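Undergrad: My questions are about this predicted structure, shown below with the sequence.
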Amino acid sequence: MINKIALILTIIGGINWGLIGIFQFDAVAWLFGGSASIFSRIIYTLVALGAIWCISLLFRPETRDAV
C-alpha cells in the first residue's frame with residue numbers, strides 16, 4: 001500500500017514538473033494559493049517523501065505476487 005501511495009505522489013510530482021517545464025505553470029501552487037503557502041509546502045514535501053521511498057524500490061529484490 002505504501003508503495004502505491006509513493007508512486008501516486010511521484011506521478012503527481014512528475015506531472016507538475018512537466019507542466020512547469022512546458023507551460024511555466026505550477027499546478028500545486030495554483031491549487032493551493034502559491035508556492036509559499038503551507039498547503040503547497042505540505043504537498044511538495046509529501047511528493048519528495050514519496051520519491052525518496054520510490055528510490056528504495058530500485059534496490060529491493062523483485063517478487064512475484066501470487067494470483
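TA: Thanks, I have the structure now.
Undergrad: All the helices of this protein, residue numbers only.
TA: Listed in chain order, the helices of the chain (DSSP state H) span 2-23, 27-32, 38-57.
Undergrad: Check the ones you listed for me and report the most buried one.
TA: helix 27-32 (a mean of 16; mean count of other Cβ atoms under 10 Å). Quick note: C-beta positions are derived from backbone N, CA and C, even for glycine.
Undergrad: List of residues touching it?
TA: I15, N16, L19, S35, S37, F39, S40, I43, Y44 (Cβ atoms under 8 Å, 6 or more residues apart in numbering).
Undergrad: Lowest pLDDT pick from those?
TA: On pLDDT alone, S35 ranks lowest of these, at 92.
Undergrad: pretty sure it contacts D26?
TA: Yes. Between S35 and D26 there is a contact at 6.1 Å, judged by Cβ atoms under 8 Å.
Undergrad: Having no further points to raise, I will conclude here.
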